[in-house]
Structure formats: structure tokens, C-alpha cells
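Undergrad: after the sequence you'll find the predicted model.
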Amino acid sequence: MSRKFGMKRILALISIAIAAALVLTVLGDKSVAEEVQVVVQWDDTVFSLSELHDIEDALDSSADGLYFVDGHDVGSGMANIFLIVEESGTKAAIERVIQVLRQRQWLEGARIAIATDYSPDRLDWRYRPVHPPGLKEFRLM
């Protein structure tokens with residue numbers, strides 16, 4: 001009897017594995033959305049830490065699913081707010097961020113960039129500047 005139960009269990013597991021494989025085949029790469037990091041940056045003398053928290057809160061409350069506010073850091077002369085964005089929605093997310101910053105008069109002096117490449121250990125990031133227009137280089141300091 002235990003042998004029969006064991007065979008039923010094995011057949012059930014095989015069925016589940018086949019179903020999972022079919023789902024992955026149908027969804028392909030769509031099953032896992034690619035995420036990118038977007039960084040909004042100012043010189044650290046522009047805003048106080050309290051104001052930086054206010055900016056984070058405003059961005060968070062305006063996200064509407066376009067991005068996730070992933071925190072901030074301050075140091076080496078820079079203040080950064082980190083956002084996580086689905087790669088396919090990057091343009092809309094950046095437009096929303098610029099809109100929020102402009103409405104609250106926080107856009108002046110802001111630099112925005114998209115992480116385009118990083119080392120496997122995620123310690124060596126490269127960024128593509130997207131705002132202001134004409135910005136040639138973006139670095140986290």
C-alpha cells in the first residue's frame with residue numbers, strides 16, 4: 001500500500017512540474033520583470049535631512065505603481081534618493097519624478113540617472129544621466 005501511495009505522490013509532483021514548465025514557457029521572460037535603479041541627486045547643501053525625507057514622502061505618495069522609493073543616502077557632498085523601476089516603465093517613472101519635483105520646487109539642482117550596468121557584486125555601478133538635459137556624467141559620491 002505504501003508503494004501505491006508513493007507512486008501517486010510521484011505522479012502528482014511530476015504533474016506540478018509539467019504545469020510549472022508550461023507556465024514558464026507561455027510567459028517566457030515576462031514572468032520576471034526587469035528592474036532598474038533610478039537615482040535622484042542633489043548637492044548635500046541644497047536640502048536638510050528633514051527636507052530630504054519630505055521629498056522621499058512626496059515621491060512615494062505620487063508613485064502610483066510607477067516606481068518604489070528605496071531609500072536615500074547622504075555623504076561625500078551628495079544627497080541621493082533611490083528608486084526601483086520596472087525597466088519598461090522607466091520613461092513614465094522619470095517623467096512623474098520630474099513633475100513632482102517641479103511642482104514642489106525641488107527640481108532646481110536635481111540630477112537624475114538610470115543605472116545601466118553594475119558588477120556582479122553590485123559594488124561598481126554605472127549610470128546614464130537623464131536630467132537635466134545635457135548632463136554628461138553622473139556619479140554617486
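TA: Ah, there it is.

Undergrad: low-confidence stretches in the protein?
TA: Residue ranges of the chain with pLDDT under 70: 1-33, 118-123, 141.

Undergrad: all helices of it, in order?
TA: With DSSP state H, the ranges of helices along the chain come out as 2-27, 49-61, 90-103.

Undergrad: residues of the second one that come out buried?
TA: Spelled out, that is helix 49-61. Using 16 or more other Cβ atoms under 10 Å as the test for burial, helix 49-61 gives 52, 55-56, 58-59. Heads up, the C-betas are built off the backbone N, CA and C, glycines and all.

Undergrad: so which of the residues you listed comes closest to residue 117?
TA: Proximity of the buried residues of helix 49-61 to residue 117, judged by Cβ to Cβ, is greatest for residue 59, which lies at 24.3 Å.

Undergrad: against residue 130, how distant is the closest one?
TA: Here the criterion is Cβ to Cβ, to the nearest Å. By it, residue 59 lies 16 Å from residue 130.

Undergrad: from residue 124, how far off is residue 97?
TA: Distance from residue 97 to residue 124, by Cβ to Cβ: 25 Å.

Undergrad: again with residue 89
TA: 25 Å.

Undergrad: picking up where we left off before, compare residue 97 and residue 124 (neighbour count), which wins?
TA: residue 97 (26 against 9; other Cβ atoms under 10 Å).

Undergrad: residues contacting the more buried one?
TA: Residues counted as contacts of residue 97 (Cβ atoms under 8 Å, 6 or more residues apart in numbering) are 38, 40, 59, 67, 83, 112.

Undergrad: could you rerun that using 7 Å?
TA: 40, 59, 112 (Cβ atoms under 7 Å, 6 or more residues apart in numbering).

Undergrad: burial count for the last one?
TA: It refers to residue 112. Counted with other Cβ under 10 Å, the neighbours of residue 112 add up to 22.

Undergrad: now do the contacts for the closest residue to it other than its chain neighbours.
TA: Closest residue in space to residue 112, ignoring its immediate chain neighbours: residue 131 at 4.0 Å, by Cβ to Cβ, 6 or more residues apart in numbering. For residue 131, the contacting residues are 98, 110-112, by Cβ under 7 Å, 6+ apart.
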